[in-house]
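Student: Have a look at this prediction, sequence included:
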Amino acid sequence: MPDLDNKIEELLRRTKKTTKSRYRASERLERHHKFSQWTVSFLSVALVFIPLMQAFDVDVGIESLYLNATQAILAVLILAYSLLLGQENFISRSEAMHRNGVELGRFARTLAAYKGKENVPDEEYHLLVEKYYDILEKYENHKPLDYLFTRLYYKPEKLSEWPEYCWVWVRAQIFRFFIYSHYIAVLGLVLFVFVTMFSAIHEQSTSNKPNKTDAVNSAIS
């Protein structure tokens, strides 16, 4: 039954690719969880830092109006990322994707036992297909980005296949940049706040230090 053997082979190939995509999705969601947590933490520190500078009357070179506007923006961003963490539930979804990958991996090992087997009944093949889809339906689907990185796992064997492989790599990097770009933008704002504040503290502490020449002259006189 060569046709059936080809179907088993195709189902095994599809299962392996889906398994890798699920693991990729798990890693992506876990990364989102970590980035969201760190972003909220840095935003919170920056939000506390600004009123501290105002309380100690540190001249940061920015008008109070703009400082207050920055505080409002930081507060809104903290709220947005806190809601994002709560609604998206990244860590639970990551764990679910990992469980799905484990189940598919077990199913792939079951399929591998059929390779080279003769006289596999059609009914048994259809049961395997049904089991495959039953495993998939229990969990959410992965994103196209996850599948792109799965395709990158398989290096081309022919020179003619490398242009398509490179195009897939470019698309994967572009999509990955866009899904993480908001973290980069927000952390850039936080970095600007910290650099501005610490520069102001450094300048004020430097200006408050007594000049060594003046100290010597006053001591002589």
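Tutor: Here it is on my side, so go on.

Student: so where's the longest helix in this structure?
Tutor: Longest helix in the chain by number of residues, with DSSP state H as the criterion: helix 2-55.

Student: Tell me the helices and strands packed up against the helix or strand that that helix is followed by.
Tutor: Using DSSP states H and E, the helix or strand that follows helix 2-55 in sequence is helix 64-88. The contact analysis (3 or more Cβ pairs under 8 Å, 6 or more residues apart in numbering; DSSP states H and E) places helix 64-88 against helix 2-55, helix 162-208. Backbone N, C-alpha and C define where each C-beta goes, glycine included.

Student: Single out the most deeply packed of the ones you listed.
Tutor: helix 2-55 (a mean of 17; mean count of other Cβ atoms under 10 Å).

Student: circling back to that earlier point, just how off-centre is the longest helix of the chain within its chain?
Tutor: 5 Å (Cα atoms, centre = their mean, to the nearest Å).

Student: where does the protein dip in pLDDT?
Tutor: Low-confidence segments of the chain (pLDDT under 70): 1-5, 116, 118, 208-221.

Student: can you list the helices and strands packed on helix 64-88 in a markdown table and add distance to Glu140?
Tutor: Converted to a markdown table, these look like this (distance: least, Cβ to Cβ, whole Å):
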| stretch | distance to Glu140 |
| --- | --- |
| helix 2-55 | 9 |
| helix 162-208 | 16 |
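
Student: Let me know whether Leu29 touches Asn89 as I believe.
Tutor: No: contact criterion Cβ atoms under 8 Å: Leu29 and Asn89 do not qualify, at 9.1 Å.

Student: joint contacts of these two?
Tutor: Counting by Cβ atoms under 8 Å, 6 or more residues apart in numbering, Leu29 and Asn89 have no common neighbour.

Student: For Lys138, give me phi and psi.
Tutor: Reported as degrees, to the nearest 10, the phi and psi values for Lys138 are phi -80, psi -10.

Student: wait, isn't it in contact with Lys131?
Tutor: No: if you go by Cβ under 8 Å, Lys138 and Lys131 don't touch, sitting 11.4 Å apart.

Student: Endpoint to endpoint, stretch 130-150 covers what distance?
Tutor: 23 Å (Cα to Cα, to the nearest Å).

Student: Can you get me the centre-to-centre distance for it and its chain?
Tutor: Going by Cα atoms, centre = their mean, the spacing between the C-alpha centre of stretch 130-150 and its chain's C-alpha centre is 19 Å.

Student: Buried ones in it, by neighbour count?
Tutor: By neighbour count on 16 or more other Cβ atoms under 10 Å, the buried set for stretch 130-150 is Tyr132, Ile135, Leu136, Tyr139, His142, Leu145, Asp146, Tyr147, Leu148, Phe149, Thr150.

Student: These in helices, which ones?
Tutor: If you go by DSSP H, the buried residues of stretch 130-150 have Tyr132, Ile135, Leu136, Leu145, Asp146, Tyr147, Leu148, Phe149, Thr150 in helices.

Student: Which of those sits closest to Tyr81?
Tutor: The shortest gap between Tyr81 and any of those belongs to Leu145, at 20.9 Å (Cβ to Cβ).

Student: distance of the closest one from Tyr180?
Tutor: Leu145 sits 11 Å away from Tyr180, taking Cβ to Cβ, to the nearest Å as the criterion.

Student: what does Gln204 give?
Tutor: 36 Å.

Student: looking at the helices and strands packed on helix 64-88, which is closest to Leu83?
Tutor: helix 2-55 (10.3 Å).

Student: Tell me the helices and strands packed up against that closest one.
Tutor: Packing partners of helix 2-55 (3+ Cβ pairs under 8 Å, 6+ apart): helix 64-88, helix 90-112, helix 122-137, helix 144-153, helix 162-208.
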